[in-house]
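Peer 1: 3D, please:
(one chain, ligands or ions: 1)
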Amino acid sequence: MKHLIVATRNRGKIVEINALLAGLVDQVSSAADFVDFPETVEDGVTFEENALKKAREAARFSGFPALADDSGLVVDALDGRPGVFSARYAGIGAGDAANNARLLSECQNIPEEHRQAAFICVLAFVTPEGIEQIFTGRIAGRILSAARGEGGFGYDPLFLVDGFERSMAELELAEKNSVSHRAQAFRKFREYLVTMA
Ligand code: IMP
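Peer 2: Numbers count the residues shown, from 1 in each chain. Sure, this is the predicted structure:
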């Protein structure tokens with residue numbers, strides 16, 4: 001594929017997405033490369049709804065195929081919260097530190113054996129011609145009671161990855177990019193692009 005628009009301004013995600021699409025797309029542009037890229041209102045109640053809405057607006061605005069992800073953390077004992085509210089768990093405009101502090105406080109009375117959680121990533125691919133495809137990735141883990149590690153972004157320091165016994169923030173970027181929810185969704189997207197080519 002020649003040109004793909006990625007509908008996000010999140011620098012952490014852009015770095016990861018460029019690595020994940022290496023060799024398959026000639027040019028990846030992001031919302032940050034446009035002055036007046038539309039700000040999609042993420043008012044869906046599912047990751048799918050939000051991802052589709054963002055991808056549709058990006059394809060319409062740019063005239064190029066667009067990819068949007070909606071992702072977040074789902075904690076079983078919190079009935080799936082923060083879920084679609086992951087980016088604004090501690091309020092609109094809240095940063096990672098405030099969101100992590102809120103997560104720690106919501107989880108403080110949850111015993112060790114009930115701290116199961118998962119990162120979910122839903123990718124929506126939409127073309128100006130009207131093709132729409134959804135790809136989902138998921139990685140399971142547990143919520144820690146204190147931050148660990150310096151890598152990644154968002155809730156990574158509080159997420160102990162199943163099978164690794166290290167937090168997501170303790171994984172190398174390449175390691176995170178081979179197992180993460182986003183990596184899994186992108187693997188499916190890559191397979192789709194290969195079959196389309
Ligand atoms: P989105 O940008 O609407 O998809 O919001 C996703 C939010 O979920 C981010 O702001 C993070 O708080 C969280 N999140 C998504 N993916 C990750 C990840 O790989 N690590 C840590 N937090 C993540």
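Peer 1: Not counting sequence-adjacent ones, nearest residue to the residue nearest in space to the middle of the chain?
Peer 2: Nearest residue to the geometric centre of the chain (Cα atoms, centre = their mean): residue 71, 3.6 Å. Distances taken as Cβ to Cβ, 6 or more residues apart in numbering place residue 121 nearest to residue 71, at 4.1 Å, with adjacent residues excluded. The C-beta positions use only the backbone N, C-alpha and C, and glycine is treated the same way.
Peer 1: before we move on, back to that, okay, the residue nearest to the centre of the chain: pLDDT?
Peer 2: Predicted confidence (pLDDT) for residue 71: 93.
Peer 1: how close does it get to residue 25?
Peer 2: The spacing between residue 71 and residue 25, counted by Cβ to Cβ, to the nearest Å, is 20 Å.
Peer 1: need the next SSE after the worst-scoring helix or strand of the chain on mean pLDDT, C-terminal direction.
Peer 2: Every helix and strand of the chain was ranked by mean pLDDT, DSSP states H and E. The lowest is helix 11-20, at a mean of 78. Downstream of helix 11-20, the next assigned helix or strand under DSSP states H and E is strand 27-30.
Peer 1: what lines up beside that next one in the sheet?
Peer 2: Within its sheet, strand 27-30 is paired with strand 3-6 (parallel), according to DSSP bridges.
Peer 1: roughly how far out does the strand it pairs with sit from the chain middle?
Peer 2: Averaged C-alpha coordinates place strand 3-6 at 16 Å from its chain's average position (Cα atoms, centre = their mean, to the nearest Å).
Peer 1: Next: stretch 31-42.
Peer 2: On the basis of Cα atoms, centre = their mean, stretch 31-42 is displaced by 17 Å from the centre of the chain it belongs to.
Peer 1: Which helix or which strand is home to whichever residue of the chain sits closest to the ligand?
Peer 2: At 2.3 Å from the ligand, residue 154 is the closest residue in the chain, using Cβ to the nearest ligand atom. Under DSSP H and E, no helix or strand contains residue 154.
Peer 1: wait, isn't it in contact with residue 97?
Peer 2: No - counting by Cβ atoms under 8 Å, residue 154 does not reach residue 97; the two are 10.6 Å apart.
Peer 1: neighbour count winner among these two?
Peer 2: residue 154 (22 against 10; other Cβ atoms under 10 Å).
Peer 1: Excluding chain neighbours, what is closest to that one?
Peer 2: residue 96 (5.5 Å).
Peer 1: Show me the strands in the chain, by range?
Peer 2: Assigned by DSSP state E, the chain shows strands spanning 3-6, 27-30, 66-75, 116-126, 132-143, 159-161.
Peer 1: Alright, I will stop here.
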